[in-house]
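K.L.:
pasting the sequence and the predicted coordinates here, then a few questions.
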Amino acid sequence: DTGVSQNPRHKITKRGQNVTFRCDPISEHNRLYWYRQTLGQGPEFLTYFQNEAQLEKSRLLSDRFSAERPKGSFSTLEIQRTEQGDSAMYLCARVPISGETQYFGPGTRLLVL
Amino acid sequence: AQSVTQPDIHITVSEGASLELRCNYSYGATPYLFWYVQSPGQGLQLLLKYFSGDTLVQGIKGFEAEFKRSQSSFNLRKPSVHWSDAAEYFCAVGAPTSGSASKIIFGSGTRLSIRP
């Protein structure tokens, strides 16, 4: 158990619909990260939060993507007007306050039809 | 820019045989280095990490890795593989962000198959 839960685990949606994913770390960790993993590739960094503040966003995060961490605990990732290219596994990771190791959740697999 | 190269896309070894997965990184300073394992449809499990100190790092499930600065390598080894080791293995390096923290840059992975 890595101390990170993600919901839903699977999501199938039609192109043009909006989807929202949630990440819940075991406790209020200092940092929380989002990554995207497409088939046959390693995960790619999307964004990260230190407490409530979103400190960096990758160029992969287009205007259709938005992430929040309103109380410095759980986080949500929303994709608006989904496209087939958004189909991927979305992974969340937590970093303990005193450390640099990222512990990953099980991911949310998105399929856009 | 930081990068990670895993030159072997797919490796097959016999059960009980030894294993070495290759990883080369590009990073200006002393890196944070990681190996993660991913079973099909699952998240990533940390096998081991190197931040500083002893260059031979022990991890879970009998894995070890050696940091060689001169070769910019961090190869993963196991003396005797088990069928349950079949999975995708990712080497990764910690890279700085605009804040004071780091993000992880992953390699493209090596898929390990085990021959009975």
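P.N.:
Thanks, I have the structure now.
K.L.:
identify the residues contacting the closest residue to chain B within chain A.
P.N.:
Relative to chain B, the nearest point of chain A is A:G42 (3.2 Å; Cβ to the nearest Cβ). For every residue, glycine as well, the C-beta is placed using N, CA and C. A:G42 is in contact with B:V4, B:F90, B:A92, B:F106, B:G107, B:S108, B:G109, counting by Cβ atoms under 8 Å, 6 or more residues apart in numbering or on different chains.
K.L.:
let's see 7 Å
P.N.:
B:F90, B:F106, B:G107, B:S108, B:G109 (Cβ atoms under 7 Å, 6 or more residues apart in numbering or on different chains).
K.L.:
A:L110 now?
P.N.:
A:L110 neighbours (Cβ under 7 Å, 6+ apart): A:K11, A:V19, A:D86, A:S87, A:A88, A:Y90.
K.L.:
just the buried ones from those residues, in ChimeraX syntax?
P.N.:
Buried residues within the contacts of A:L110, by 16 or more other Cβ atoms under 10 Å in any protein chain shown, are selected in ChimeraX with:
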select /A:11,19,86,87,88,90
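K.L.:
now tabulate the contacts of A:L110 in TSV and tack on distance to B:L76, pLDDT and secondary structure.
P.N.:
Shown next, in TSV, are the contacts of A:L110 (distance: Cβ to Cβ, whole Å; pLDDT from 0 to 100; DSSP: H, G, I helix; E, B strand; the rest coil):
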residue	distance to B:L76	pLDDT	secondary structure
A:K11	33	98	strand
A:V19	35	98	strand
A:D86	32	96	helix
A:S87	30	97	coil
A:A88	25	96	strand
A:Y90	26	97	strand
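K.L.:
redo the contacts of A:L110 as TSV? Include distance to A:D63.
P.N.:
Shown next, in TSV, are the contacts of A:L110 (distance: Cβ to Cβ, whole Å):
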residue	distance to A:D63
A:K11	21
A:V19	16
A:D86	13
A:S87	19
A:A88	18
A:Y90	17
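K.L.:
what is the least confident helix or strand in chain A?
P.N.:
strand A:53-57 (a mean of 88; mean pLDDT, DSSP states H and E).
K.L.:
other SSEs contacting that one?
P.N.:
Counting contacts by 3 or more Cβ pairs under 7 Å, 6 or more residues apart in numbering or on different chains; DSSP states H and E, strand A:53-57 is packed against strand A:44-50.
K.L.:
looking at the contacts of A:G42, spot the one nearest chain A.
P.N.:
B:F106 (3.2 Å).
K.L.:
could you find the closest non-adjacent residue to that closest one?
P.N.:
A:G42 (3.2 Å; Cβ to Cβ, 6 or more residues apart in numbering or on different chains).
K.L.:
contact partners for B:T110?
P.N.:
Shown in contact with B:T110 (Cβ under 7 Å, 6+ apart): B:Q6, B:D8, B:I9, B:I11, B:L21, B:Y89.
K.L.:
please repeat the previous calculation with a cut-off of 10 Å.
P.N.:
Contact analysis of B:T110 by Cβ atoms under 10 Å, 6 or more residues apart in numbering or on different chains lists B:6-11, B:21-23, B:76, B:87-91.
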